[in-house]
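Participant: for reference, the sequence and a predicted model appear below.
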Amino acid sequence: MENGQQTIKVNFYQRKPRSTRNFSIETYFNGVRAALPGYIHGDVRVSKFESSGLFKRLYNCIEAILRQGDVNHITGDVHFLTIFLKKRKNVLTVLDCGQLKLLKGIKLKAFRYFWFTLPASRSHFITAISTATKEDLLRYIHFDPEKIKVVPVCISPAFKRMDKAFNPVKPRILQIGTAPNKNIERLINALAGICCELVVLGVLSPELKQLAEDKQIELVLFEKAIPEEEVLEQYRLADIVTLISTLEGFGMPIVEANTVGRVVITGNITSMPEIANDAAHIVDPFSVESMRNGFLKIINDSDHRKGLVEKGYMNCKRFSSEHIALQFAEIYKDIVQNKLN
């Protein structure tokens, strides 16, 4: 007991990370657990096998049955773990529905059922990391909207304000991620003719590398997963952080850049305007001209640039680990109280 509050044991079910992946989900929930109130005891339950193939996934499901707590929180990417767990204990976090937009036919039906429809039917609450994700999810599943709670991603406490003079002559532009939704081809075309250094964290295809060379863009690549301290260093060195995606469930680089004090340029669709608020320059991710004009405005207008940075310092306060952890704590308390009634 803590001040009369019953101790709650929460098991956080996480995927087994792949060696080629940056561990964004894991970092997020590390921050949440560290900030939870003292009456909540969080344990991490990492699946034995990577999420691939029927038998490995089935083993992970059976393993999950033996690891249940007062609350079972499935933290994303392994939604199917809910299938054999006690429904009244389950919280499922949905990061985005992007994969549903890429698949077709039988693959789409199978993925939708086993990653969304069935896991939702076995969950007491769902948390979505943005209002855009919640609205997207409700297009694919039937679920009580009142039981889908919007709980944003919290910023890692490692991210701090790091002042740096902006370089308008040759700005260093940081792009994190190279998945298809990251819109790298349009980004490269938008930067053509702008003197800059483009730093990319992620694997670029030979075609995109060639495009950057053709457009005479100086490219710095980090194609292997790098530790958080190196990611922080890249934010420190950056002048502009770009996240002009065609789809984002959240858009963590926006908040990270706001916290560090770097000007952000982002897209006007899905979750990005919601997360950026008024603390980023907003452009159309499907228009190379809009993107290019956005970069030129940031580079050439120091008052606009400084205003966005100052607004960023205010915006990032919404995403502190303490603020987010309290929102999860209320959900966990609700589940335990429901179980007792």
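Facilitator: Perfect, thanks for sending it. Numbering: from 1, shown residues only.
Participant: what is the helix or strand containing residue 305 packed up against?
Facilitator: Using DSSP states H and E, residue 305 falls within helix 302-315. Helix 302-315 sits against helix 252-260, strand 263-267, helix 288-300, with contacts defined as 3 or more C-beta pairs under 8 Å, 6 or more residues apart in numbering; DSSP states H and E. The way it works is simple: take the backbone N, C-alpha and C, and place the C-beta from them, glycine included.
Participant: and the angle from it to strand 263-267?
Facilitator: Between helix 302-315 and strand 263-267, the angle comes out at 80 degrees (axes from the mean of the first three to the mean of the last three C-alpha atoms, to 10 degrees).
Participant: give the buried residues for helix 302-315.
Facilitator: The neighbour-count check on helix 302-315 (16 or more other C-beta atoms under 10 Å) flags 305, 308-309, 311-312, 315 as buried.
Participant: which one of these is nearest to residue 115?
Facilitator: Set against residue 115, the nearest of these by C-beta to C-beta is residue 315 (31.2 Å).
Participant: so who does the closest one touch?
Facilitator: Residue 315 makes contact with 255, 258, 276-279, according to C-beta atoms under 8 Å, 6 or more residues apart in numbering.
Participant: buried among these? Need that as a selection in ChimeraX.
Facilitator: Applying 16+ other C-beta under 10 Å to the contacts of residue 315 leaves a buried subset, and the ChimeraX line that selects it is:
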select :255,258,276,279
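Participant: please render the contacts of residue 315 as a markdown table that adds pLDDT and distance to residue 91 to the earlier fields.
Facilitator: Converted to a markdown table, the contacts of residue 315 look like this (pLDDT from 0 to 100; distance: C-beta to C-beta, whole Å):
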| residue | pLDDT | distance to residue 91 |
| --- | --- | --- |
| 255 | 97 | 22 |
| 258 | 98 | 28 |
| 276 | 97 | 27 |
| 277 | 95 | 27 |
| 278 | 96 | 32 |
| 279 | 98 | 29 |
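Participant: using TSV, lay out the helices and strands packed on helix 302-315 together with distance to residue 47.
Facilitator: As requested, these are arranged in TSV below (distance: least, C-beta to C-beta, whole Å):
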stretch	distance to residue 47
helix 252-260	23
strand 263-267	33
helix 288-300	39
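Participant: what about those, which gets the closest to residue 333?
Facilitator: Among the helices and strands packed on helix 302-315, helix 252-260 sits nearest to residue 333 (C-beta to C-beta), with 26.3 Å.
Participant: and the helices in the stretch 51-200 of the chain?
Facilitator: 54-65, 105-112, 118-121, 131-138, 184-191 (DSSP state H, counting those that start in this stretch).
Participant: tell me what angle the helix holding residue 305 forms with helix 288-300.
Facilitator: Going by the same axes, to 10 degrees, helix 302-315 makes 90 degrees with helix 288-300.
Participant: and helix 302-315, how far out from the chain middle?
Facilitator: When distances are taken as C-alpha atoms, centre = their mean, to the nearest Å, helix 302-315 is centred 22 Å away from the chain's centroid.
Participant: and what of stretch 42-53?
Facilitator: The chain centre lies 19 Å from the centre of stretch 42-53; the measure is C-alpha atoms, centre = their mean.
Participant: then stretch 207-214?
Facilitator: Per C-alpha atoms, centre = their mean, the centroid offset for stretch 207-214 relative to its chain is 27 Å.
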